[in-house]
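>>> next input, structure requested:
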Amino acid sequence: TAALRALQAQGVVGIAFNTAFHGLDFYKDIDPLLARLADLGMWAQFQVSGDQLVALLPRIFRVRVRTLIDHAGRPRMVDGPQAPGLRALAQLADSGLGVIKISGFVKFSEQGFPFDDVQAHVQRVWQMFGADHCIWASDWPYLRATSRLDYGPMLKLTERWFSPEQCQPMMWDNPKRFFDW
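Residues are numbered from 1 along each chain as shown. Sure, this is the predicted structure:
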């Protein structure tokens with residue numbers, strides 16, 4: 001807890017957990033850490049893939065930790081909109097504990113830029129979480145990307161998918177409110 005407080009004093013707002021890369025078993029013993037984050041009002045950011053959030057959700061709810069879901073929940077597009085992982089996203093949205101990051105389309109698109117196949121999913125999670133619980137990120141520096149991406153085209157894509165009124169909270173107001181940026 002003292003180490004987390006020291007990090008918090010330096011502006012750190014939470015810890016990222018990458019279950020999409022490391023798997024769920026890698027993080028099987030993090031409940032005490034999640035509890036410390038919750039006690040300090042810090043965030044647990046999860047990059048999940050497919051239905052991994054289903055297994056994490058009971059822990060998130062039990063500990064009541066503020067949760068940021070990276071890469072729009074990173075669904076398997078072939079599973080469709082009723083996949084268990086998407087139902088878990090809806091539960092997290094309903095709980096008020098969750099915020100979703102509108103980012104990382106290259107991680108789950110089956111078509112690549114301009115990611116037309118993920119637009120419906122992105123709009124769905126926007127509706128689930130609402131304007132006050134979505135944040136935008138470019139996902140730069142595009143680690144392990146299968147094709148070249150640039151920041152500018154990602155901004156243009158966001159401008160095409162969202163109105164200026166939707167972008168204001170997602171890109172400015174919410175990061176400031178949640179992370180004191």
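>>> give me the helices and strands touching the lowest-mean-pLDDT helix or strand in the chain, please.
Lowest by mean pLDDT, DSSP states H and E among the helices and strands of the chain is helix 151-161, with a mean of 93. Using 3 or more C-beta pairs under 8 Å, 6 or more residues apart in numbering; DSSP states H and E, the elements in contact with helix 151-161 are helix 119-129. No exception for glycine: its C-beta is placed from N, CA and C like everyone else's.
>>> make it 10 Å
Applying 3 or more C-beta pairs under 10 Å, 6 or more residues apart in numbering; DSSP states H and E, one finds that helix 151-161 contacts helix 119-129, strand 134-136, helix 164-168.
>>> most tightly surrounded among these?
Stretch with highest mean neighbour count among the helices and strands packed on helix 151-161: strand 134-136 (a mean of 22; mean count of other C-beta atoms under 10 Å).
>>> give me the contact list for that one.
Strand 134-136 has contacts (C-beta atoms under 10 Å, 6 or more residues apart in numbering) with 68, 72, 93, 99-103, 122, 125-129, 154-155, 158, 162, 166-167, 169-175, 177-179, 181.
>>> go with 6 Å
Defining contact as C-beta atoms under 6 Å, 6 or more residues apart in numbering, one finds that strand 134-136 is touched by 100, 101, 102, 126, 170, 171, 174, 175.
>>> ok, back up a step: can you tell which of the helices and strands packed on helix 151-161 is closest to residue 82?
Among the helices and strands packed on helix 151-161, helix 119-129 comes nearest to residue 82, with 10.9 Å by C-beta to C-beta.
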